Each structure stands twice: as structure tokens, then as C-alpha cells.
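1. need a 3D model of the following:
(one chain, ligands or ions: 1)
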Amino acid sequence: MVDVHCHIIPGVDDGPDQIEKSIEMLKMAERDGIRKIIATPHRNHPLGYPKGNVQEQFDALKDAAKDAGIDVDLYLGAEQYIGKEDVFKTFEAFPLFDGRYLLVEFKTHIDLESLLTIVYELRVKGFWPIVAHVEMYPTVINNEEALTRIKEEGGLIQITASSLTGAVGRKIAARLTSAVRRGQVDFIASDAHGLNMRPPVLSVAQRYVQKNATMEIANRIFSDNPSKLMLGEEIVTPKTLKLRKSGRKAYLIASLITALVMAFSLGMRMIPENEAQSQNIETPKTVETVISSNVEETDPEGPVSALPVPEPKVVAEEVLSEPAQTLESPSKDSIESKYEEQLFELKTEYEMALDVYVDEIIEIKATVIDQEERNNKIDAIIDAIILMEQESDNVVYALLYDMQNELEKEKYTVERVQIFRDEYNDIKETTKMTYMEKIK
Ligand SMILES: [Fe+2]
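-> Numbering: from 1, shown residues only. The predicted model follows:
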């Protein structure tokens with residue numbers, strides 16, 4: 001597999017800040033079956049990215065990956081921020097790969113007409129624009145015609161793997177699933193920034209597409225299009241497919257079953273360890289295991305093939321599979337510290353993302369005079385913050401679930417899991433209050 005959108009170069013943007021973290025990301029990608037990664041540091045970004053020398057850092061990463069024996073080829077590309085005002089000027093372009101493909105991102109609250117204008121102008125200038133993570137723009141995800149219109153202007157569509165499988169909420173996952181099934185999505189990439197939120201993992205999304213759309217669509221997204229991109233050949237979008245009703249129904253049933261199973265497994269986790277033992281209840285090892293066993297009883301041919309698989313779970317399983325191969329069991333402290341460290345990283349990522357949104361709100365308050373326009377733009381950003389909170393909740397709870405499983409596997413007590421859960425909620429509340437103060 002080829003990952004065409006990945007923040008993996010250390011110390012240049014909001015991706016990993018140290019080369020050791022980049023190497024861990026590469027190892028995770030390798031385990032997932034990713035064999036080529038186009039590194040896409042932010043370019044022309046309002047937050048001043050990239051910082052540092054991209055080429056030097058990229059070369060250093062390539063050398064370190066070679067020394068570590070990692071079987072993933074690295075290529076240098078970019079995720080280029082383009083404003084409506086930029087596109088009418090002469091600007092320096094940073095293609096994804098040698099050639100005409102540009103991976104472009106916009107302001108979160110961009111309006112659809114401006115987005116379409118940029119895509120059109122880029123085509124006129126001879127580029128083949130790929131709109132990065134379209135699901136992150138409220139103006140696109142809340143408008144059923146938006147993807148069709150982007151494609152009419154000559155734009156290609158990239159979505160984030162974890163968004164498709166539910167990391168930013170069920171509603172967005174359902175809309176993205178429809179888009180994939182209609183043949184509107186050209187690329188699915190990790191947009192990885194670290195090991196936790198949006199990790200460098202594509203296999204879950206690939207399986208999801210194979211099961212929920214068709215093999216032909218999956219091949220086009222995961223094989224044909226990345227190959228064309230790397231060869232510099234143009235991608236011609238096939239006609240939009242009509243969504244079959246049965247597929248939509250299957251997806252809804254699957255979502256409902258997933259919700260029930262998740263609720264069931266959460267309930268199981270709330271049972272204290274000793275009580276669970278006295279009731280002879282076997283703690284579920286993974287959400288995926290529970291989902292499979294429950295769904296198979298319901299309808300082995302139907303919903304099972306449409307189930308959204310929670311991505312963080314699979315990633316965590318892969319990470320956790322390593323210690324199991326060692327002879328010595330990890331200590332309780334080492335398990336707890338490992339998760340504490342990951343939670344701290346999540347907190348940092350969350351705050352950095354919130355900073356971007358807050359800056360946007362401050363800018364809007366300072367520059368947009370029309371009150372209605374101002375309110376609309378701020379509402380759109382608040383929507384995006386809510387989505388980000390949902391994503392954060394999903395990732396943190398999945399992590400705590402893994403922590404509990406790992407502690408229980410080693411027969412340790414699990415009181416720290418609840419402490420971390422409470423701390424997470426406290427931190428979220430405090431952070432929110434701090435930022436509310438900033439945008440008053
Ligand atoms: Fe990105």
C-alpha cells in the first residue's frame with residue numbers, strides 16, 4: 001500500500017518532533033503493510049510550517065530508516081495550504097510527487113464557492129489538485145452536492161482512513177462510506193501525525209472498503225490511483241455510482257449493531273474485576289472479537305461485511321503484540337507508564353489543534369465585519385472543534401480499553417484506568433475553559 005498523505009518528517013510541522021518517533025511511525029506503517037509513504041509536511045501554512053529544513057530532515061529520516069532496516073520507501077511531497085487570494089498570484093508549488101499532483105488544504109471554514117474557485121484555478125494552471133481530508137470542511141461534509149461539484153471542477157478527493165472507520169463520528173463515517181460507494185473518493189490516506197490520533201495505518205480502511213463497497217473500488221483507491229500518481233499519469237474519475245438502497249440499509253444496521261456491541265462491551269468493563277470473576281464473566285479481549293461473535297449469530301452474510309472496524313483498536317493490538325513475544329511479563333508500572341505517555345502525547349496534539357482553531361476564531365472576530373457572516377464562520381469552527389473532541393474521546397477511550405486489557409492479561413489491578421479516565425475528562429474541561437477565555 002501507498003500512503004500519499006503522512007506527516008512523518010521530524011521537527012518540521014505538527015507531526016513527530018523527534019526522529020525516534022518518526023521511526024516508530026515507520027515501523028507501525030511497515031507492520032500495517034504500507035510499503036511507500038509520500039511524506040507531506042505542511043507548506044505555506046498560516047502557522048508558519050514548515051519550520052526547519054525539510055529536505056535535510058527528510059534525508060536524515062531516510063538514512064535512519066535504512067539503518068533500522070525498515071522496508072518502507074520514502075518520498076518527499078507536501079500538503080500545500082492555498083488561500084483564495086494565493087491562487088490568483090504566482091506561487092511556489094510543492095507537488096506531491098515529481099509532476100502535477102498537488103495535495104491542497106484550505107481554511108477549515110472555507111466556503112464552498114471559494115474552494116471550487118481554487119480547485120478550478122489550479123486546474124487552469126496545469127495542476128491536478130487533490131483536496132486533502134475533505135471531511136474536515138463543514139462546507140463539504142454538510143453539503144451532499146459538494147463532492148460532485150469539486151469533481152466537476154477537476155478536483156480529486158482524499159479522505160482520512162480513520163475518519164472512514166468512525167474516528168470523527170458515525171455521521172461523517174456514514175457520509176464518507178456513501179461517497180466511497182459512489183466512486184467519489186480517489187485516495188484514502190492516513191494523514192498520520194503520530195502513533196495515536198490518525199496513526200499511519202491503512203489496512204483497516206482497505207478492508208472496510210473491500211467489504212462495504214466493491215473490490216473494484218478498493219483496488220482503484222488503494223492500488224491504481226497511487227500507482228498513477230507515482231507514474232505521473234492522470235486519474236480519470238469514473239461516473240458517480242448510484243447508491244444501492246440495500247447497501248445503505250446494511251450500513252445502518254451494522255452501525256446500530258456496533259453501537260449495541262460497544263455499549264455491551266463498555267458495560268462489561270464497568271464490572272469490577274473480582275465481581276466479573278465471581279460471575280464467571282470472561283472479559284472481552286478486543287472489541288473486534290466481541291463484534292464478530294455477536295454479529296455472526298445475527299446474520300453472517302449481511303451486517304458482518306458492513307461493520308465499521310474501530311481503527312485505534314487494531315493499531316493498539318499490533319503495538320501490544322510485541323511484548324507478548326518476550327519471555328518476561330511487563331511490570332504494572334511499565335504498562336501504566338506506557339499508556340500515561342501516550343495520553344500525554346494526545347493531550348499535546350489536542351491542544352495544538354485547538355490552538356489553530358482558536359487563532360482562526362480570533363482572526364475572524366478581528367476581520368469579518370458582517371455579524372451574520374462572522375457568526376456562521378465561528379459556528380463552523382465550533383462544529384469542527386466538536387468533531388475533534390469526538391475523535392479525541394474515541395482515541396482516548398480505545399487506549400484506556402487497551403490499557404485495561406493489558407493489565408488484566410497480566411493479572412494486575414486496573415484502578416489507574418478509571419483515574420486516567422477521570423483525569424482526561426478534567427483536562428478536557430479545564431482546557432476548554434482556558435480557550436473560552438482566550439476567544440472572549
Ligand atoms: Fe495533513
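
2. neighbours of residue 31, how many?
-> Number of residues near residue 31 (other C-beta atoms under 10 Å) recorded here: 16. C-beta coordinates here come from the backbone N, C-alpha and C atoms, glycine included.

3. can you spell out which helices and strands pack onto the strand or helix carrying it?
-> Assigned by DSSP states H and E, residue 31 belongs to helix 19-32. The helices and strands touching helix 19-32, judged by 3 or more C-beta pairs under 8 Å, 6 or more residues apart in numbering; DSSP states H and E, are strand 2-6, helix 54-67, helix 311-324.

4. and the next element down the chain from it?
-> Next helix or strand after helix 19-32 toward the C-terminus (DSSP H and E): strand 36-39.

5. who does that next one pair up with?
-> Counting by DSSP bridges, the strands paired with strand 36-39 are strand 2-6 (parallel), strand 73-76 (parallel).

6. nearest to the ion, out of those strands?
-> Nearest to the ion among the strands paired with strand 36-39 is strand 2-6; the distance by C-beta to the ion comes to 5.7 Å.

7. which stretches of this structure have low pLDDT?
-> Along the chain, the parts satisfying pLDDT under 70 run over 237-327, 348-349, 352-353, 356, 376-377, 379-381, 383-384, 386-388, 390-391, 394.

8. what segments of it are strands?
-> Using DSSP state E, the strands found in the chain span residues 2-6, 36-39, 42-43, 73-76, 79-81, 101-105, 128-131, 156-160, 187-189.

9. and those strands as TSV, adding mean neighbour count and distance to residue 410?
-> Formatted as TSV, those follow (neighbours: other C-beta atoms under 10 Å; distance: least, C-beta to C-beta, whole Å):
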stretch	mean neighbour count	distance to residue 410
strand 2-6	26	33
strand 36-39	23	34
strand 42-43	23	41
strand 73-76	18	36
strand 79-81	24	41
strand 101-105	25	43
strand 128-131	24	45
strand 156-160	26	34
strand 187-189	28	36
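
10. what backbone torsions are found at the closest residue to the ion within the stretch 151-300 of the chain?
-> Here the stretch 151-300 of the chain gets closest to the ion at one residue, residue 191, 4.4 Å apart by C-beta to the ion. Note on residue 191: its backbone torsions stand at phi 50, psi 40 [degrees, to the nearest 10].

11. count of neighbours near it?
-> 27.

12. just to revisit the earlier point, kindly export the helix holding residue 31 (C-alpha atoms) in PDB.
-> This file holds the C-alpha atoms of helix 19-32, laid out as PDB (Å, rounded to 0.1, in the frame of the first residue of the first chain):
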ATOM      1  CA  ILE A  19      13.300  11.300  14.700                       C
ATOM      2  CA  GLU A  20      12.800   8.400  17.200                       C
ATOM      3  CA  LYS A  21       9.000   9.000  16.900                       C
ATOM      4  CA  SER A  22       9.200   9.100  13.100                       C
ATOM      5  CA  ILE A  23      11.000   5.700  13.200                       C
ATOM      6  CA  GLU A  24       8.200   4.300  15.400                       C
ATOM      7  CA  MET A  25       5.600   5.500  13.000                       C
ATOM      8  CA  LEU A  26       7.500   3.900  10.100                       C
ATOM      9  CA  LYS A  27       7.600   0.600  12.000                       C
ATOM     10  CA  MET A  28       3.900   0.800  12.600                       C
ATOM     11  CA  ALA A  29       3.300   1.600   8.900                       C
ATOM     12  CA  GLU A  30       5.500  -1.300   7.900                       C
ATOM     13  CA  ARG A  31       3.600  -3.700  10.100                       C
ATOM     14  CA  ASP A  32       0.400  -2.500   8.500                       C
END
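
13. could you pull out the helices for the stretch 301-440 of the chain?
-> Secondary structure of the stretch 301-440 of the chain (DSSP state H, counting those that start in this stretch): helices located at 311-324, 332-367, 371-409, 415-438.

14. for the ion, find the nearest of those helices.
-> Smallest distance to the ion across the helices of the stretch 301-440 of the chain (C-beta to the ion): 11.4 Å, for helix 332-367.

15. helices or strands up against the closest one?
-> Using 3+ C-beta pairs under 8 Å, 6+ apart, helix 332-367 sits against helix 371-409, helix 415-438.

16. got the residues of the stretch 51-200 of the chain near the ion?
-> Proximity of the stretch 51-200 of the chain to the ion, by C-beta under 5 Å from the ion, involves residues 79, 191.

17. let me have the strands of the chain in JSON lines, extended by distance to residue 235.
-> As requested, the strands of the chain are exported to JSON lines (distance: least, C-beta to C-beta, whole Å):
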{"stretch": "strand 2-6", "distance to residue 235": "12"}
{"stretch": "strand 36-39", "distance to residue 235": "15"}
{"stretch": "strand 42-43", "distance to residue 235": "22"}
{"stretch": "strand 73-76", "distance to residue 235": "17"}
{"stretch": "strand 79-81", "distance to residue 235": "18"}
{"stretch": "strand 101-105", "distance to residue 235": "9"}
{"stretch": "strand 128-131", "distance to residue 235": "7"}
{"stretch": "strand 156-160", "distance to residue 235": "6"}
{"stretch": "strand 187-189", "distance to residue 235": "9"}
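
18. ok so, going back, now the helices of the stretch 301-440 of the chain as JSON lines including distance to the ion and mean neighbour count?
-> JSON lines is the format used below for the helices of the stretch 301-440 of the chain (distance: least, C-beta to the ion, whole Å; neighbours: other C-beta atoms under 10 Å):
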{"stretch": "helix 311-324", "distance to the ion": "17", "mean neighbour count": "18"}
{"stretch": "helix 332-367", "distance to the ion": "11", "mean neighbour count": "16"}
{"stretch": "helix 371-409", "distance to the ion": "14", "mean neighbour count": "18"}
{"stretch": "helix 415-438", "distance to the ion": "22", "mean neighbour count": "13"}
